[in-house]
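Participant: Okay, sequence plus prediction incoming.
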Amino acid sequence: MEGKEMAMVLASFAADALAMGAHWIYDTDRISQRFGRIDTFLKPGTDSYHPTKEKGAFTHYGDQTLILLESLAAKNGFDLPDFSARWRALFKDYPGYVDNATRITLSSYAAGSTYEDAGSPSDDLAGAARIAPLVCACRDDADTLVMNARAQTRMTHSNPHTIDSAEFFARVAWTVLHGTPPADALKQVTEKHFGNSALSVWVTEGLASKDRDSIESIAAFGQTCHTPEAFPGVIHLIARYEGDLKEALIQSVMAGGDSAARGMIVGMVLGAHLGLPALPRHWIEDLRAKDRILGLMERL
């Protein structure tokens, strides 16, 4: 496993773990006053969305990403029925937070829907944020990657913007992994595949903000889970911190809101660009699932 491939996946997981302690706090002054500068993993408080989780564990986003990685390793590639079965098993008596998109999808399964049509109508960017292991598994075939990225997202999030976002960031990460700097990859993928789309507008807005303060920029775009708000914030962080993975993920957390989904995509792209030296060693060591992740990655 090459260093940048490993870094791409580990950075995405680390972003989720870093965000968990302050996840979904929208008041950035409250984050600063309560936690200071968040540059290490925190155990969520009893008043958080993840009170059952320990320091270095994952939100429900990271847990789903780990299930995808397990499926990819077990099946030697993407297998939607297998991923679907593992995903449903994860949420049987799940001890963490279960978001609305997950509840709707599980209800659809219970009503007889299949993995091809059970997805909720949610436009949360989280459906597109768990794809780092998939980019690694499909690193030699961009067309297969795109097909699989869209399928895994559609399984839980059927909103067209969220599905298109999965394709967009899969293409960007793949392009970066093959040697193109992130800002150039963002522009190339947009021009080639998403011209005259809503995504093109969000890319333009995100790139235009790259010299501005990150907390202010993300507040202006919107801190929520919804793709139209979250997408340009991801672009801002990738472009502004193209050479500084650590700072990009810290700023994502300090900007509040759905910092987990936002950070997972940023970590994937910048990890693919900068490799393992850019990822703080203590972040890797403090991941509770580190050994499990490394073992599964080697099987890919």
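Facilitator: Cool, the structure landed.
Participant: all contacts plus neighbour counts: C-alpha atoms, from now on.
Facilitator: Noted.
Participant: What is the neighbour count of Thr52?
Facilitator: Other residues within reach of Thr52 by the criterion other CA atoms under 10 Å amount to 14.
Participant: now Gly263
Facilitator: By other CA under 10 Å, the residues close to Gly263 number 31.
Participant: in terms of contact, does it touch Ser12 like I think?
Facilitator: Yes - in this structure, Gly263 is within contact of Ser12 by CA atoms under 8 Å, at 7.1 Å.
Participant: Confirm Ser107 sits in a helix?
Facilitator: Yes - the assignment for Ser107, made by DSSP: H, G, I helix; E, B strand; the rest coil, places it in a helix.
Participant: For the protein, give me the ranges with low pLDDT.
Facilitator: Low-confidence segments of the chain (pLDDT under 70): 1-2.
Participant: could you redo the last one with a cut-off of 50?
Facilitator: Low-confidence segments of the chain, defined by pLDDT under 50: none present.
Participant: just checking, Ala22 touches Ser32?
Facilitator: No - contact criterion CA under 8 Å: Ala22 and Ser32 do not qualify, at 10.0 Å.
Participant: So the two - more neighbours on which side?
Facilitator: Using other CA under 10 Å as the criterion, Ala22 and Ser32 rank with Ala22 on top: 29 against 14.
Participant: residues in contact with the more buried one?
Facilitator: Under the criterion of CA atoms under 8 Å, 6 or more residues apart in numbering, the contact list for Ala22 reads Ile31, Pro44, Ser48, Val253, Gly256.
Participant: so the third one sits right up against Leu42, yeah?
Facilitator: In other words, Ser48. No - taking contacts as CA under 8 Å, Ser48 lies outside contact range of Leu42: 11.5 Å.
Participant: Next, show the common contact partners of the two.
Facilitator: In contact with both Ser48 and Leu42: Gly21, using CA under 8 Å, 6+ apart.
Participant: Gly36: neighbour count?
Facilitator: Residues contacting Gly36 under the criterion other CA under 10 Å number 11.
Participant: If you could redo that for His193, that was the one I meant.
Facilitator: Using other CA under 10 Å, the number of residues around His193 comes to 13.
Participant: so how far is Val146 from it?
Facilitator: Spatial separation of His193 from Val146 under the definition CA to CA, to the nearest Å is 11 Å.
Participant: again, but for Thr153
Facilitator: Thr153 is 11 Å from Val146, by CA to CA.
Participant: I am finished for the moment; much appreciated.
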